[in-house]
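1. Kindly return the folded structure for what I paste below:
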Amino acid sequence: MRFPKANCTTLLAVLQRYVRLGYAVLPLVPGEKRPHFRLVPHGLKEASQDPATLEAWWRSCPEAGVGILAPEGVLVLDVDQGEAWEALRRDFPALEAAPRQKTPKGGVHLFLRLPEGVKLSASVRAIPGVDLRGMGRAYVVAAPTRLKDGRTYAWEVPLVRPEALPPVPDALLARLLPPPPPPREVWTPVEGASPKRLRALLEAYADRVAATPPGQRHNTLIRYAVAAGGLIPHGLDPREAEEALVAAAMSTGLPEKEARAAVEWGLEKGRQRPLVLPSPRLVLSIRRRLREGGKRHGRA
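-> As a prediction, this is how the structure comes out:
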């Protein structure tokens, strides 16, 4: 079925509004959720904000669905079912104010702003029934797309520009980030939370950051920044921690501005959740068990 000319004009106006708000758009196969293989053979990589390109696409195929690709700093929560959405807004009431559209299955797409320097993996499924989209890497189907069975997408709270989006609630972001590494990775037999022990832990964290391969640098930096932040209540100097981690991140090729923003955020979050430091006796016992386990399995 092809749309009348008036409907096509209305659709183009909707697409242009997405672009004015700062979101890229791509056409989808009519009635489906996948990119239109003829118009965008390379999928979301060809998402565009160029009005002439959008007009050419939808003049060519007026019945194409609409996909929008949010920029890097925008997280879209793709909530599968109504039950998952009810649980989310019960746990995080601030989500009620976030721009959202209702999906044909009764779920929602929630648009939120990430803190500067924070990046998440679209493959993370930390909350049942919730997928991570947006962030310049995963598109979502958007209104006024109509599926083959006639069901449509519709905005319940209108979309706004990325900078006007509400931030991801801290408690929710903490669940989506990889957990900080357990201190046992770098435990040292130093009494209590002495400056020597704290410095040894920080140096070990910085070494892990410096050894991170491309593609994992942001998330690894945030993990160890949160872990280092958990040492601040024990007496670690936050300025020392920041400089050590930023220097390690820059050695991997991260720009200083991005590295410093990620470290500052991670240290502050970690400070609110102090790490539990085991006693030296427990450290030595664990290390002895690890060595014995390695010998039993033929490892030196």
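
2. rest of the way, CA atoms for contacts and neighbours
-> Will do.

3. okay, now E264: neighbour count?
-> If you count neighbours by other Cα atoms under 10 Å, E264 ends up with 22.

4. Over to V141. Which of the three states is it?
-> strand (DSSP: H, G, I helix; E, B strand; the rest coil).

5. From L44, how far off is it?
-> According to Cα to Cα, to the nearest Å, V141 stands 12 Å off from L44.

6. Please apply the same query to A244.
-> According to Cα to Cα, A244 and L44 sit 38 Å apart.

7. what does P93 give?
-> P93 is 32 Å from L44, by Cα to Cα.

8. So between the two, which is more surrounded?
-> Counted by other Cα under 10 Å, P93 and L44 do not tie: L44 has more neighbours, with 23 against 11.

9. wait, what's in contact with the more buried one?
-> Residues near L44 by Cα atoms under 8 Å, 6 or more residues apart in numbering: 26, 35, 69, 138-139.

10. How about R89?
-> The contact partners of R89, by Cα under 8 Å, 6+ apart, come to 95-96.

11. Please write out the alpha-carbon positions of the helix or strand containing it in CSV.
-> For R89, the host element (DSSP states H and E) is helix 82-91. Extracted in CSV, the C-alpha atoms of helix 82-91 (Å, rounded to 0.1, in the frame of the first residue of the first chain):
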residue,chain,number,x,y,z
GLY,A,82,4.5,-3.5,30.2
GLU,A,83,5.5,-5.5,33.3
ALA,A,84,9.1,-4.5,32.8
TRP,A,85,8.1,-0.9,32.4
GLU,A,86,6.0,-1.0,35.5
ALA,A,87,8.9,-2.4,37.5
LEU,A,88,11.3,0.3,36.1
ARG,A,89,9.1,3.2,37.0
ARG,A,90,8.4,1.8,40.4
ASP,A,91,12.1,1.6,41.1
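
12. from the chain's centre, how far out does that helix sit?
-> Mean-position distance between helix 82-91 and its chain equals 19 Å (Cα atoms, centre = their mean, to the nearest Å).

13. Can you list the buried residues in it?
-> Neighbour counts using 16 or more other Cα atoms under 10 Å place 82, 84-85, 88 of helix 82-91 among the buried residues.
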